[in-house]
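S.K.: I need the structure of the sequence given here:
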Amino acid sequence: MDFVTILLLVIIALLGFVVYRLSQPSAGGQDVNDIKNDITNLKAEITRIEASVKAEFVSNRKESQDSSQETRKELSESFTKLSAELRETITASSTSQKEQLEAFAKQLKELTTTNEQKINEMQDKLLRAAKESRDELTKTLKELQTGNQQKLDEMRKTVDEKLQSTIEKRFNESFTLISERLDKVHQGLGEMQNLASGVGDLKKVLTNVSTRGSFGEVQLGTILEQYLSPDQYEKNAAVKKNSQERVDFIVKFPGRADDNTPVLLPIDSKFPNEDYQRLQEARENDADAITSATKQFESSVKRIAKDIAGKYINPPTTTDFAIMFVPTEGLYAEIVSRVNLFETLHNEYKIVVVGPTNIVALLNSLQMGFNTLAIEKHSSEVWELLGGVKREFGKFGEVLDAAKRKIDAASKSIDDAGVRTRAIERKLQRVETLPAATPSPTNDSLADLPTLTTPNPDKDDGDDE
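M.R.: Numbering: from 1, shown residues only. Down below sits the predicted model:
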């Protein structure tokens with residue numbers, strides 16, 4: 001291959017030279033002849049080189065064939081020798097492995113036999129220990145069950161005794177209570193009879209106009225007496241100078257003038273019962289008469305309101321409005337349900353209608369107004385009182401903090417007791433869920449199980465009661 005490479009390089013060099021000569025400027029016929037001679041020589045040289053190359057290729061091919069044949073022969077001999085050595089090595093290795101496997105199988109058999117013996121012995125020991133533990137646990141559980149049954153019987157007996165005594169006691173108390181209530185029922189029946197006669201008397205009173213007015217006045221006076229102090233209202237008061245007209249009650253408002261002259265709120269009691277009764281009877285019996293009864297009722301109420309406004313409203317001695325008190329809630333509801341009538345009384349006559357219930361709210365509002373004015377007059381005393389309250393509240397905060405700390409400590413103790421209780425319950429649950437074939441715990445672990453204690457009847461008396 002090196003020879004072929006050299007030959008190719010020579011040919012390339014000659015071709016380069018020829019190309020170079022051809023590229024030079026022509027110097028005459030001599031140069032052309034020289035070139036032709038050179039080409040002829042080059043062809044001859046190429047022919048000679050080609051023949052030499054072919055001969056060299058033939059020689060190289062023969063040498064390669066001889067070398068390959070010799071190499072194959074050597075390889076064949078080497079493989080034959082290697083195969084023989086491998087067979088000998090494999091045979092020796094197989095014999096050695098067979099001997100080792102036989103020895104290992106023998107040792108494994110001996111070890112298996114020994115392990116089986118030990119396992120059988122251990123199994124027998126475990127079975128005996130499990131049987132002993134199971135017998136011991138069964139015995140302990142029977143004793144525990146017997147003890148618990150005895151304690152439960154004692155507890156049941158104690159509970160039955162307490163329950164019996166409690167039932168007897170409560171039965172006697174209930175019987176006594178029933179007897180007392182029956183006596184009260186008999187008394188109530190007597191009172192109802194008296195009440196029935198009183199209702200008859202009341203009906204007679206209500207049929208009389210003067211006594212009916214006195215009834216409303218007495219009821220109004222009772223309400224004012226309950227919610228106002230005696231110096232805050234006055235009965236049968238004159239609100240106009242040189243006038244004989246007297247309103248049933250006036251409520252005194254503190255005045256703003258320098259002389260502290262009070263401003264009076266007139267409250268007059270009215271009870272137009274006849275017109276109200278006619279309206280109720282018309283609704284129940286005669287639907288056609290409702291319109292006329294309604295007009296007559298509204299006219300009566302307006303006439304009363306006009307009379308109150310003309311007699312008792314006298315600013316600035318009085319307020320610019322007056323209050324008409326009706327002694328029954330039904331009559332008050334009848335007036336209020338008529339929006340036009342209620343607005344007419346308020347806007348035209350400056351009259352506010354109240355009943356037994358909402359006059360209480362009105363009086364409470366007035367009482368708050370009185371208290372506000374009193375506080376304004378005694379503001380310095382109020383500030384001193386608030387300062388004392390502030391100091392006492394600070395002391396109360398300290399006492400409250402101390403109580404909170406004690407409560408937190410008690411809560412922690414209760415939480416600890418709850419933790420111990422849950423631990424005991426878990427142990428009891430493990431005892432209850434033990435299967436019969438499961439190996440039992442040792443005597444030491446059984447000693448840790450909680451035991452039921454007989455409750456002290458003396459300590460339970462207070463709780464049962």
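
S.K.: tally of neighbours for Leu224?
M.R.: If you count neighbours by other CB atoms under 10 Å, Leu224 ends up with 22. The C-beta positions use only the backbone N, C-alpha and C, and glycine is treated the same way.

S.K.: Chain neighbours aside, what residue packs nearest to it?
M.R.: Tyr233 (5.1 Å; CB to CB, 6 or more residues apart in numbering).

S.K.: and the one you found, how many neighbours?
M.R.: 21.

S.K.: and the gap between Leu341 and Lys169?
M.R.: Counting by CB to CB, to the nearest Å, the separation of Leu341 from Lys169 is 63 Å.

S.K.: These two - which one has more neighbours?
M.R.: More neighbours surround Leu341 than the other of Leu341 and Lys169, with 20 against 11 (other CB under 10 Å).

S.K.: That one contacts Glu298, doesn't it?
M.R.: Yes - with contacts counted by CB atoms under 8 Å, Leu341 reaches Glu298, the gap being 5.2 Å.

S.K.: What backbone torsions are found at the residue nearest to Leu224?
M.R.: The phi/psi pair for Tyr233 (degrees, to the nearest 10) reads phi -150, psi 170.

S.K.: Same question for the one 10 residues further on.
M.R.: Backbone geometry at Ser243, expressed as degrees, to the nearest 10, gives phi -130, psi 140.

S.K.: Let me know the pLDDT of it.
M.R.: In this model, Ser243 is scored at 82, pLDDT.

S.K.: which one is it nearest to, not counting chain neighbours?
M.R.: In space, and not counting its chain neighbours, Ser243 is closest to Lys311: 7.9 Å by CB to CB, 6+ apart.

S.K.: Surely that neighbour and Val247 touch.
M.R.: Yes - at 7.3 Å, Lys311 counts as touching Val247 under the criterion of CB under 8 Å.

S.K.: okay, these two: which has more neighbours?
M.R.: Remark: of Lys311 and Val247, Val247 carries more neighbours, 25 against 17, as counted by other CB under 10 Å.

S.K.: and the more buried one, bridged to which residues?
M.R.: Taking DSSP bridges as the rule, Val247 bridges to Ala237.

S.K.: list the contacts for it?
M.R.: Asn236, Ala237, Ala238, Val239, Pro266, Ile267, Asp268, Lys311, Tyr312, Ala322 (CB atoms under 8 Å, 6 or more residues apart in numbering).

S.K.: ok, now Phe249?
M.R.: Leu220, Gly221, Leu224, Tyr233, Glu234, Lys235, Asn236, Ala237, Pro266, Ile267, Asp268, Ser269.

S.K.: Thr357 versus the fourth one, what's the distance?
M.R.: Yep, that's Tyr233 we're talking about. On the measure of CB to CB, Tyr233 and Thr357 end up 19 Å apart.

S.K.: Please apply the same query to the last one.
M.R.: Between Ser269 and Thr357 the computed distance is 15 Å (CB to CB).

S.K.: quick one: which of those two has more around it?
M.R.: Ser269 (22 against 10).

S.K.: Please name the bridge partners of the more buried one.
M.R.: Beta-bridge partners of Ser269, as defined by DSSP bridges: Phe325.

S.K.: State whether the residue nearest to Ser243 is indeed within a helix.
M.R.: Yes - Lys311: assigned to a helix according to DSSP: H, G, I helix; E, B strand; the rest coil.

S.K.: Which neighbouring elements make contact with the lengthiest helix in the chain?
M.R.: When the chain is parsed with DSSP state H, its longest helix is helix 29-207. Counting contacts by 3 or more CB pairs under 8 Å, 6 or more residues apart in numbering; DSSP states H and E, helix 29-207 is packed against helix 2-23, helix 209-227, helix 443-447, helix 457-464.

S.K.: I'd say Leu363 and Glu225 touch.
M.R.: No - contact criterion CB under 8 Å: Leu363 and Glu225 do not qualify, at 10.6 Å.

S.K.: Looking at the two, which is more packed in?
M.R.: Ranked by neighbour count (other CB under 10 Å), Leu363 and Glu225 place Leu363 first, with 20 against 12.

S.K.: Please give me every residue in contact with the more buried one.
M.R.: Leu363 sits in contact with Ile223, Leu224, Tyr227, Leu228, where contact means CB under 8 Å, 6+ apart.

S.K.: returning to that earlier point: between the contacts of Val247, which sits nearest Thr91?
M.R.: Taking CB to CB as the measure, Thr91 lies nearest Ile267 of the contacts of Val247, at 139.7 Å.

S.K.: ok, that closest one to Ile167 distance?
M.R.: 60 Å.

S.K.: Looking only at neighbour counts, state which of those two leads.
M.R.: Neighbour comparison, Ile267 and Ile167: the larger count goes to Ile267, with 26 against 10 (by other CB under 10 Å).

S.K.: my guess is the more buried one meets Ile250, correct?
M.R.: Yes - between Ile267 and Ile250 there is a contact under CB under 8 Å: 6.9 Å.

S.K.: What ranges in the stretch 1-150 of the chain fall below the confidence cut-off?
M.R.: Within the stretch 1-150 of the chain, the ranges that satisfy pLDDT under 70 run 1-4, 7, 21-32, 35.

S.K.: now the stretch 151-300 of the chain
M.R.: In the stretch 151-300 of the chain, residues with pLDDT under 70: 195-213, 255-260.

S.K.: at 90 instead, please
M.R.: 151-221, 223-233, 236-245, 252-264, 269-295, 297 (pLDDT under 90).

S.K.: any idea how far Gly16 lies from Leu9?
M.R.: 11 Å.

S.K.: quick revisit: turn the buried ones among the contacts of Leu363 into a named ChimeraX selection, would you?
M.R.: Of the contacts of Leu363, the buried ones can be selected in ChimeraX as follows, counting by 16 or more other CB atoms under 10 Å:
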select :223,224,228
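
S.K.: Output the contacts of Leu363 in JSON lines, with distance to Ala410 appended to each entry.
M.R.: Listed next are these as JSON lines, based on distance: CB to CB, whole Å:
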{"residue": "Ile223", "distance to Ala410": "51"}
{"residue": "Leu224", "distance to Ala410": "53"}
{"residue": "Tyr227", "distance to Ala410": "46"}
{"residue": "Leu228", "distance to Ala410": "50"}
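
S.K.: any idea which of the contacts of Leu363 is the one closest to Trp383?
M.R.: Leu228 (27.3 Å).

S.K.: pretty sure that closest one is in contact with Leu366, am I right?
M.R.: Yes - counting by CB under 8 Å, Leu366 is a contact partner of Leu228 at 7.4 Å.
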